[in-house]
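# the following block contains a protein sequence and its predicted model.
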Amino acid sequence: MVERIGNYTMKLAGAPSVLSFAAVASKKESEGPMASYIDIINQDSMFGQTTWEKAESSMQQEAANKALTKAQLSPGQIDVLFAGDLLNQCIGSHYGLRDLGIPFVGIYGACSNMAESLGLAALFVESAIAGNAMAVTSSHFCSAERQFRFPLEYGGVRTPTAQWTVTGAGGAIVGASSMPPYVKQVSFGSILDKGIKDINNMGAAMAPAAAQTLTHFFQDTLTCADNYDLILTGDLGSVGSELLYELMERDSYNIRKKHADCGLMIYDRDRQDVQAGGSGCGCSATVLCSYILQSMREGKIRELLFMATGALMSTVSVQQGESIPAIAHLVHLSNRPDFN
Amino acid sequence: MSTITNAAYAQMTKDASPRTKVQQSVPLAFVFGGGICTIGHALINLYISLGLAKEAAIPTASITLVFLAALLTGLNVYDDIARYGGAGTLVPITGFANAITAPALEFKSEGYVLGLGAKMFSIAGPVLVYGMVAGIVYGIILYVFQLY
Amino acid sequence: MATFMEYMRAFVVGGLICAVGQLLIDYTKLTPARILVTFVVAGVFLGALGVYQPLIDYAGGGATVPLLGFGNTIAVGTLEAVREKGLMGALTGGLTASAGGVAASIFFGFLAAVVFKPKDKA
């Protein structure tokens, strides 16, 4: 049963389980700290395909299939599939997942996709609309660059606040079970635009949305950072994370000691030239669906707030001089199903 | 988070965001740009020694640099140089050639006509448009005011 | 006989022009595309004023290789064409003078695009 708590949060009393999770990534991610936890790594970022877009679709397909295999489920046993990506009209997801034959609900939250899709999957299961629900998302450095920024061979210089789009995909299956990790609460954010126009500083554009969603969640649940082991953001990067701390402190919430950011975990910023950190839907998806959920299974993380953020602009809006609206969705995952 | 104004947040962002290290980027641009220009100058002298008049050697040298930039772009090397060179690789005519070759190469997957052909000018187009427009305006002024 | 000083002048002048471009990138919100446009239009302007040729005489490649030189070529070509053909020259001059560089960019860009493939930056 789903119960509304406060103004923005939903409590999933039956605490559905994440039955399985799988992550796929490529060369640059294989050279980072998360490498040993990722299920499938292909050094060739074309994944044997002829275009970058097909490569991204291939990653989604592999992530979805691996999650199914790990859960020992067939596609026919999944009642609904939530998926999306950064490409125009989400072709990464549509072409990658078209062979599964699962009722498909396409979503777009930019880099917040993993949290949005996971939250929706858990709510469908908890509401008994679905027995099993799957969430998949991806991003690819090359397909993102050619759509949002510059052709790969263009001699551009990256600014210190820029982030590196992760080439990766993650998938998770939610269902009723008595195995951790459990999804206990979900809070969807509203769009927030604080006037940032610099597309090379996404962290700054998204931090306010993250602060808003997190503050609303804390206020609804009457909790703070002390109640959780980890507050994990998707891809705020180094700049966005610092801004998040400062914004939360304005409301007397100190989250510095409990916070980590997937963008800062997927790559080693000292050895890998990634400026402010990793980004993209695949960033949070890859880190969550490998190291993080595995750590929860093993009891190393017990209470987790997974909050992925997304920047909701397009190349057109940017060229028209608009600022960047952002969004943050939060999923509370726990190692134990009870709420006391 | 409550009620921070956009202006206050913009200031907060500015304070938290690292700036490009000018003490690195400017000298690098100077060295790379000077280097490319020196190569261009050597090419001019080479063509003069091969018998070309100076007026012909200059554009021939530029065209040679265009060829080299297109080749290095195709060989996936130009972007590695430009990462350090910054404006030093962008401002010389090599930047223009790279800006034409890179999208042509990238968008080949969308076909030779609508991909390679159409997208070739997606970055460098404005240089031609505004360069031409400036020249034509100049020409009209010359003619109208009989300044030639 | 090319002297060391001649190459030094090309290096320094070319380097300084690029350094100005880098300062524009670092201190203004101008994107690379806008910087290129600024330089080419500035080149037309300086060429129109007649002050760019002395710089070419002084620095050779240091002045002709940067995009300012491309703008200057357009201006010089426009002046010559207006002298020869009147108003029609205003239209034809710039494009004709810069035809070599533009055609080369298109042709070599096309060849490179056909022969090669883009590569991931990982």
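That came through fine. Numbering: from 1, shown residues only, chains lettered A, B, ... in the order given.
# close to chain B: what parts of chain A are there?
Counting by C-beta under 8 Å from any C-beta of the partner chain, chain A comes close to chain B at A:50-52, A:146, A:150-161, A:194-196, A:201, A:204, A:208, A:211-212, A:215, A:239, A:242-243, A:246-248, A:250-251. Using the backbone N, CA and C atoms, a C-beta is placed for each residue, glycine as well.
# phi, psi of residue C:102?
In this entry, residue C:102 is assigned phi and psi values of phi -70, psi -50 (degrees, to the nearest 10).
# chain C next: which of the residues of chain A next to chain B are close?
Filtering these for neighbours of chain C using C-beta under 8 Å from any C-beta leaves A:151, A:152, A:153, A:156, A:157.
# which one of the residues you listed has the most neighbours?
Ranked by neighbour count (other C-beta atoms under 10 Å in any protein chain shown), these have residue A:153 at the top, with 29 neighbours.
# returning to what we had before: and the ones next to chain C among the residues of chain A next to chain B, which is closest to chain C?
residue A:152 (4.4 Å; C-beta to the nearest C-beta).
# isn't residue B:38 up against residue C:13?
No - taking C-beta atoms under 8 Å as the contact criterion, residue B:38 and residue C:13 are not neighbours in contact, 10.2 Å apart.
# overlap in contacts of those two?
With contacts defined as C-beta atoms under 8 Å, 6 or more residues apart in numbering or on different chains, the residues adjacent to both residue B:38 and residue C:13 are residue C:62.
# can you name the residue of chain A nearest to chain B?
residue A:155 (2.6 Å).
# return the distance of that residue relative to residue A:278.
In this view, residue A:155 and residue A:278 are 23 Å apart by C-beta to C-beta, to the nearest Å.
# so which of the two has more stuff around it?
For residue A:155 against residue A:278, the residue with the higher neighbour count under other C-beta under 10 Å is residue A:278, and the figures read 35 against 25.
# so what's that one bridging to?
The residues paired with residue A:278 through beta bridges, assigned by DSSP bridges, are residue A:164.
# which residues touch it?
Contacts were defined as C-beta under 8 Å, 6+ apart; by that measure residue A:278 touches A:163, A:164, A:165, A:166, A:235, A:237, A:262, A:263, A:264, A:266, A:267.
# among those residues, which two are most distant?
The two members of the contacts of residue A:278 with the most space between them (C-beta to C-beta) are A:165 and A:264, at 14.8 Å.
# briefly note if stretch A:90-104 comes near chain C.
No - using C-beta under 8 Å from any C-beta, stretch A:90-104 never reaches chain C; the gap is at least 16.0 Å.
# surely residue B:64 touches residue B:43?
Yes - assessed by C-beta under 8 Å, residue B:64 is found in contact with residue B:43 at 5.3 Å.
# the two: who's more crowded?
Under the neighbour definition other C-beta under 10 Å, residue B:64 and residue B:43 were set side by side, and residue B:43 has more, 21 against 17.
# helix, strand, or coil at the closest residue to that one other than its chain neighbours?
Distances taken as C-beta to C-beta, 6 or more residues apart in numbering or on different chains put residue B:61 closest to residue B:43, at 3.8 Å, once the chain neighbours are dropped. Classification of residue B:61 by DSSP: H, G, I helix; E, B strand; the rest coil places it in helix.
# report the central residue of chain B.
Using C-alpha atoms, centre = their mean, the residue of chain B that lies closest to the mean C-alpha position is residue B:95, 2.7 Å off.
# you'd agree that one is in a helix?
Yes - per three-state DSSP, residue B:95 lies within a helix segment.
# which residues does residue 47 contact?
With no chain named, the answer covers chain A. Residue A:47 is in contact with A:26, A:54, A:55, A:58, A:59, A:62, counting by C-beta under 8 Å, 6+ apart.
# sorry, should have said chain C
The neighbours of residue C:47, taking C-beta under 8 Å, 6+ apart as the test, are C:53, C:71, C:72, C:73, C:74, C:75, C:76.
# ok, 6 Å please
For residue C:47, the contact set (C-beta atoms under 6 Å, 6 or more residues apart in numbering or on different chains) comprises C:72, C:75, C:76.
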